[in-house]
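Engineer: only geometry, no sequence info:
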């Protein structure tokens, strides 16, 4: 297998056997026959598709006209740029003879790159020049976020200067009045101190405004706020598809002159806003363009999901997509382990202290008997922490809270597709450092709060990925049903006409 990899795939020629083995672990080979349609134009794809053997026809259409058509052969990569940057195919792919394809998981490649950057560099060296820069941006430059996947809107430096200007007038007025009243004062030194204070105020205002921003990714819009006074962070998010309107507000004439506005984003039952944005009209244009790209991605996922279910039912060729591979996996999370230690440490300290005192007074192991209740309470808190399980499974949000032993059990279930907004709350520096906080889910009829959740960002990210999958799968199933109903009604109509 390793030798055939090196012989068939040119981009893997520089890899040693151990590196090729790693690629094999995240790859899959699909055998195709003449006429098999592998991809339609505009489908979702999160894998590198490489011709392993044989030949394939690729075709691009625009307004129902073919604008590009050619054949790709062994070793060629299908639609490299669009798949790597946008995860959407811009060409259709059809087998024209008995052949095979190699599918390499892109997420798996990125994980390999973190552990072994040399592997990705060696693959890059075997690529065409046009593809090398794309490979750099997507795989090797991990600090750069793709503009197609993340949009960030910040407050402007102008806003910090505007809000600091009143302090500028007050500070310099006091400095100059002081030098006039007290003639012995050094006017140069007074103004230097005043200027230094002003720059400090501007700096802290700028830092304060930079710590509050809007971020948009492929699933949701997030308002991120980090408060310096309380050293806490709050993230409020709403799904991209739930955005109903975007508004620009100018609070006063000065904001209008300085072109500083407030961006307000409204969903069905919630809204997020950010003030002090320079040239908000341009920011809204970027946001609308970004939403169009996200809409194209969601449409691609919807087409892929529908086609997968349709082909499966008709026993046609199917290439298992990334979302389908992970459909059966449940994501389980729980409260931070720090919460258990926070509750049990006082009891453990009492246990140790009382044990030392009793051992010193009675010179025996009586402390083991006396401290049984304390040990019991520590064990109680551990079981209580371990029983509280939260998960996303089977298209449902599960919240199970069970008291230890024979205590009461509370079980809450909700449809994952009904979530309207998600909010992360970290109240202090300790929660930020230990990476835990509360997650608040707002559905159409209720609000669900998960307290003291470890790594809340990862939980929210997985939540939206699972929600997107089940939403598209549910739509696809309904489309297939509508298609079957249409076929049935057509048959009835034809039979009626015969009569």
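Structural biologist: Received it, and whenever you're ready, just let me know what you need. What you see is a predicted model; the values in this text were computed from it and never measured.
Engineer: Packing partners of the helix or strand containing residue 284?
Structural biologist: Assessed by DSSP states H and E, residue 284 sits inside helix 280-314. Contacting helix 280-314 under the criterion 3 or more C-beta pairs under 8 Å, 6 or more residues apart in numbering; DSSP states H and E are the following elements: helix 80-86, strand 151-154, strand 212-216, strand 245-249, strand 260-266, helix 322-325, helix 456-498. The way it works is simple: take the backbone N, C-alpha and C, and place the C-beta from them, glycine included.
Engineer: Please point out which parts of that helix sit buried.
Structural biologist: Buried positions in helix 280-314, judged by neighbour count with 16 or more other C-beta atoms under 10 Å: 280, 283-284, 287, 290-291, 293-294, 297-298, 300-309.
Engineer: Going by mean pLDDT, which of the helices and strands packed on helix 280-314 comes out lowest?
Structural biologist: Comparing mean pLDDT across those, the lowest value falls on helix 322-325: a mean of 53.
Engineer: tell me the pLDDT at residue 147?
Structural biologist: Residue 147 is assigned 42 on the pLDDT scale.
Engineer: next one: residue 440
Structural biologist: The model's pLDDT for residue 440 equals 84.
Engineer: and if you look at the one 5 residues further on?
Structural biologist: Here the pLDDT value assigned to residue 445 is 74.
Engineer: Now do the phi/psi pair for the closest residue to residue 446 other than its chain neighbours.
Structural biologist: Counting by C-beta to C-beta, 6 or more residues apart in numbering, residue 414 is the residue found nearest to residue 446 once chain neighbours are left out, at 7.2 Å. Residue 414 adopts backbone torsions of phi -150, psi 150, taken as degrees, to the nearest 10.
Engineer: Pull the number of nearby residues for residue 414.
Structural biologist: Residue 414 has 17 neighbours, counted by other C-beta atoms under 10 Å.
Engineer: my guess is it meets residue 447, correct?
Structural biologist: No. Taking contacts as C-beta atoms under 8 Å, residue 414 lies outside contact range of residue 447: 10.5 Å.
Engineer: what's the overlap in contacts for the two?
Structural biologist: Shared contacts of residue 414 and residue 447 (C-beta atoms under 8 Å, 6 or more residues apart in numbering): residue 441.
Engineer: hang on, the earlier thing: contacting residues around the residue nearest to residue 446?
Structural biologist: Shown in contact with residue 414 (C-beta under 8 Å, 6+ apart): 396, 397, 441, 443, 446, 448.
Engineer: what pLDDT, on average, does the helix holding residue 284 get?
Structural biologist: The pLDDT scores in helix 280-314 average 78.
Engineer: low pLDDT regions in the stretch 151-300 of the chain?
Structural biologist: 181-185, 218, 227-234 (pLDDT under 70).
Engineer: And for the stretch 1-150 of the chain?
Structural biologist: Within the stretch 1-150 of the chain, the stretches falling below the threshold (pLDDT under 70) are 1-8, 140-149.
Engineer: rerun that using 90 as the cut-off
Structural biologist: Along the stretch 1-150 of the chain, the model assigns pLDDT under 90 to residues 1-30, 35, 40, 42-47, 62-65, 74-75, 81-88, 104-150.
Engineer: Would you map the helices across it?
Structural biologist: Under the criterion DSSP state H, counting those that start in this stretch, helices of the stretch 1-150 of the chain are mapped to 2-8, 17-25, 80-86, 106-115, 117-125, 129-135.
Engineer: one step back: now, of the contacts of residue 414, which are buried?
Structural biologist: 396, 397, 441, 443.
Engineer: Take the residues you listed and lay them out in JSON lines including secondary structure and distance to residue 169.
Structural biologist: As requested, those are exported to JSON lines (DSSP: H, G, I helix; E, B strand; the rest coil; distance: C-beta to C-beta, whole Å):
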{"residue": "396", "secondary structure": "strand", "distance to residue 169": "59"}
{"residue": "397", "secondary structure": "strand", "distance to residue 169": "53"}
{"residue": "441", "secondary structure": "strand", "distance to residue 169": "47"}
{"residue": "443", "secondary structure": "coil", "distance to residue 169": "50"}
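Engineer: Quick one: those residues as a markdown table, columns for distance to residue 226 too.
Structural biologist: A markdown table is the format used below for the buried ones among the contacts of residue 414 (distance: C-beta to C-beta, whole Å):
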| residue | distance to residue 226 |
| --- | --- |
| 396 | 33 |
| 397 | 28 |
| 441 | 22 |
| 443 | 27 |
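Engineer: List just the nearest of those residues to residue 418.
Structural biologist: In terms of C-beta to C-beta, no member of the buried ones among the contacts of residue 414 lies closer to residue 418 than residue 443, at 4.6 Å.
Engineer: Surely that closest one is in contact with residue 417?
Structural biologist: No. At 9.7 Å, residue 443 does not count as touching residue 417 under the criterion of C-beta under 8 Å.
Engineer: Which helix or strand contains the spatially closest residue to residue 391 that is not a sequence neighbour?
Structural biologist: Excluding its sequence neighbours, the residue lying closest to residue 391 (C-beta to C-beta, 6+ apart) is residue 332, at 4.3 Å. Using DSSP H and E, residue 332 maps to strand 331-333.
Engineer: cool, and residue 345?
Structural biologist: Taking DSSP H and E as the definition, residue 345 sits inside helix 337-362.
Engineer: quick one: average confidence on that helix?
Structural biologist: The average of the pLDDT scores along helix 337-362 is 71.
Engineer: For that helix, enumerate the helices and strands it packs against.
Structural biologist: Short answer (3+ C-beta pairs under 8 Å, 6+ apart): helix 337-362 packs on helix 366-370, helix 372-387, strand 447-454.
Engineer: which helices and strands does the helix or strand that comes right after the second one pack with?
Structural biologist: Counting by DSSP H and E, the element after helix 372-387 in chain order, helix or strand, is strand 389-393. Strand 389-393 is packed against strand 331-333, strand 396-402, helix 456-498, with contacts defined by 3+ C-beta pairs under 8 Å, 6+ apart.
Engineer: Tell me which strands strand 389-393 pairs with, and in which orientation.
Structural biologist: Looking at strand 389-393 with DSSP bridges, its partner strands are strand 331-333 (antiparallel), strand 396-402 (antiparallel).
Engineer: Just the buried positions in stretch 92-100, please.
Structural biologist: Per 16+ other C-beta under 10 Å, stretch 92-100 contains these buried residues: 92, 93, 94, 95, 99, 100.
Engineer: which ones among these are found in strands?
Structural biologist: Using DSSP state E, the subset of these located in strands is 92, 93, 94, 95, 99, 100.
Engineer: what about the closest residue to the last one other than its chain neighbours, how many neighbours?
Structural biologist: Nearest non-adjacent residue to residue 100, counting by C-beta to C-beta, 6+ apart: residue 52, 4.3 Å away. Number of residues near residue 52 (other C-beta under 10 Å) recorded here: 21.
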